[in-house]
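In: fold the following for me, if possible:
(one chain, ligands or ions: 1)
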Amino acid sequence: MSNLPPAVRLDQSAQSMIFDLRRGAAELVWLGEPLPADQDLLVFCNSVSQGRRPSQPDEPPPWSVLPQTGWGYSTTPAVGLMRRGTLLPLQLRLVEVAQSPASLLFIHGDEANGIGIDVAWRILNSGVIEARARLTNFGSEPVDVLDLASLALPLPSWASHATRYSGRWAAEMQQTRVRLADGGIASASYGGRPGFGGGNWIRIESADLGEDHGHAISAHLAWSGDHRLSVECNADGRAMLMMGARLDPGEIKLSPGQSWDTPRALFTVSSEGVMATRHAYHRHANSEVLPSSSSRSPRKVHLNSWEALGFAMDMPKLTQLADAAAAIGVERFVVDDGWFKGRRNDRTSLGDWIADPDIFPAGLKPLVDHVRALGLDFGLWVEPEMVSPASDLYRRCPDWCIHIAGQDRPTQRNQLVLDLTKAEVSDYVYKCLDTLLSENKISYLKWDHNRELFPLAGKGHAQVFALYALLDRVRAAHPDVEIETCASGGGRVDYEILRRCARYWASDNNDAIERLRINSGWFDFLPLGATGNHVGPSPNPITGRCLPMDFRAKVAMFGHMGVEADPAAMSASDRASLAAHIALYKEWRDVLHRASLTRIAENVPGAFGYLALHGARGLALVAQTRFADDYASPPIKMHGLDPAASYRLRLLLAGTPPSDGRVAQPELWHSGTVKTGLELLKAGILLPASGPETAWLISLERVA
Ligand code: DGJ
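Out: Residues are numbered from 1 along each chain as shown. This next block holds a predicted model:
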């Protein structure tokens, strides 16, 4: 006899979940607006239970959090296991439920096959829901894990569309909306990292979803290795979202008595538009994920040497760049690739982590001292997981890279990946980093990763754990050093690596128009304070586009601001404009980095707009990328304001105000104008210009 209750519920302030347990499975029958505390669960379950449809098994498969093929469930199952080379015919039944106010643990067992799977869902303080599964081998023989989803989420009936975040190098997180009934979604990565494909992020939505209305589920796999994602629509129209680590056969083998935990999946649910899902993720990142020391201290303005110097660095150029950086208000000077032994191009030296004796005959110290004497922090680029075949390290230890004995060792960017699962390799890398950080006053590491992990040789999963262990070891020994995760831009960004990294490099593409597009994808999940956002040169080295400094600088303010260009090479007016924007960023970063971020101006063609609101202050950015269709551009409506409050609005013009008459009433904007929240929400404000490549900053202050 089963002791299971017939149904259970899990509630958070804005959502309820109800699970029908009567068929020996946890069937999610409600995921949506909160239901009354005294709701009769059985009555509810009966009212939503579906009958059998034609061409279904006589007992239709439970729509559960652990769908299995053995029930007649006809799309991808949540679990696949093998013993002695044969697929296990699993019959996992729900045997127990453990409940706390914020969590549910569904314990499944298959006695005949000696397998247990616990599916755990937990509501975190931020309101984000964490899902993961634990597999235990109770049998007497080993079992191979082919697949186990971290999250199998039966989707509500409103889920008709999805926004994907696919991309490529220098064009990450491109949002594409698809209709689920048109064939669903399948995506996976094979390079040992999440990659640029964006398949570790997804938003499921109702057809009418908007910034402040409609239904949405935003989901993410917090895992820095390969993933797989699917959204499949059954023949009866019901859809299932699945996310988990992608495993190679043989990678996870459990001996009798052993268990394996999947990575965490995260999801948020909203009945009030996209903004609620974004706010929940930002809350979560700031309060529960990002290293606390970094999320509490002001995000310092960077100058990174990459787009100013590339590999062509020497002491005079570096010290002059640092001087020019200090003069415009930069607070941290980061020496990018090119500083270590023999590294004059990308064909050499990875693994030899000592300062190049030709550039730095006395080591890094004189440069670090120079930078610190200017009042700036010092940061350094490293790519610790890699080795160049042309390096002392490779010549000494050629078999420390991931490879398959007897096979070719194909390179990418002329480099190979070190096998961090070997203790001696990880120790070597740790010692190099420890020496650099102990001997020099370095406050920041840009940790790059420019090559995928082929051939994996069954190492993908273990390599990710070895990376986490290495990062943890470095952080334990040097807790004040901030680390940025970079993988040719945004090739390895996820909520697990962000437990260890204060910042992610959103893209190698610093073209402000492209960045607006790229960042808008990242901002759906990640807060401004963690998003590296730099002012690049004009013309931009990747796109060739020229953009005014005023536009570039305003766009870079909405993130963790930095500069990736040589201020000394700019015109005097560009330099002054950049310095004015850096000063403005410092004034507003507390608001920007703690803010609830909403999209505005979605109705203005070619415009990207955000309102960052924190307490009584807010800062809005409206950036017009292309020439407007009409002279009369539509008013910009705000979101998330208190309709009953009054706000003073000011147009912030860093530097010289435009003189061409586009600002119709500059005095009014300067001294401010007061409007009610209701007016701003419903009628909006009219911005003065519709020219392409113009950006506006509007400050808001609650006055009553
Ligand atoms: C790729 C990074 O994304 C760039 O910002 C730069 O650091 C280069 N690597 C250096 O090799």
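In: does stretch 387-395 reach the ligand?
Out: No - using Cβ under 6 Å from any ligand atom, stretch 387-395 never reaches the ligand; the gap is at least 11.8 Å. Yep, even glycine has a C-beta here, placed from its N, CA and C like the rest.
In: list the contacts for the nearest residue to Phe138 once chain neighbours are set aside?
Out: Leaving aside its chain neighbours, Phe138 sits nearest to Gly114 (4.2 Å; criterion: Cβ to Cβ, 6 or more residues apart in numbering). By Cβ atoms under 8 Å, 6 or more residues apart in numbering, Gly114 lies in contact with Asn137, Phe138, Gly139, Ser140, Pro256.
In: could you write me a ChimeraX select line covering just the buried ones among those residues?
Out: Paste this into ChimeraX to select the buried members of those, with burial taken from 16 or more other Cβ atoms under 10 Å:
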select :137,138,139
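In: quick revisit: over to the residue nearest to Phe138: give its phi and psi.
Out: Dihedral angles of Gly114 (phi, psi; degrees, to the nearest 10) stand at phi 60, psi 40.
In: next, the closest residue to Pro541 other than its chain neighbours: secondary structure please.
Out: Excluding the flanking residues, the one nearest Pro541 by Cβ to Cβ, 6+ apart is Glu307, at 6.1 Å. For Glu307, the assignment made with DSSP: H, G, I helix; E, B strand; the rest coil gives helix.
In: same question for Ser438.
Out: Assignment for Ser438 (three-state DSSP): helix.
In: next, count neighbours for it.
Out: 10 (other Cβ atoms under 10 Å).
In: likewise Ala207?
Out: 12.
In: do the same with Gly672
Out: Neighbour tally, Gly672, other Cβ under 10 Å: 15.
In: my read: it touches Leu652, true?
Out: No - Gly672 is beyond contact range of Leu652, at 10.7 Å (criterion: Cβ atoms under 8 Å).
In: what about Thr69, neighbour count?
Out: The number of residues packed near Thr69 is 17, by other Cβ under 10 Å.
In: got phi/psi on it?
Out: Torsion angles, degrees, to the nearest 10, at Thr69: phi -60, psi -40.
In: please name the nearest non-neighbouring residue to it.
Out: Pro77 (4.6 Å).
In: close to the ligand: what parts of this structure are there?
Out: Trp306, Asp336, Asp337, Trp381, Asp448, Asn450, Cys486, Ser488, Gly489, Trp505, Asp508.
In: go with 5 Å
Out: With Cβ under 5 Å from any ligand atom as the criterion, the chain comes near the ligand at residues Trp306, Asp336, Asp337, Cys486, Ser488, Gly489, Asp508.
In: want to try JSON lines for those residues, with distance to Glu602 as columns?
Out: Converted to JSON lines, the residues of the chain next to the ligand look like this (distance: Cβ to Cβ, whole Å):
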{"residue": "Trp306", "distance to Glu602": "33"}
{"residue": "Asp336", "distance to Glu602": "36"}
{"residue": "Asp337", "distance to Glu602": "38"}
{"residue": "Cys486", "distance to Glu602": "30"}
{"residue": "Ser488", "distance to Glu602": "30"}
{"residue": "Gly489", "distance to Glu602": "26"}
{"residue": "Asp508", "distance to Glu602": "27"}
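In: ok, those residues vs Ser388, which is closest?
Out: Asp337 (11.9 Å; Cβ to Cβ).
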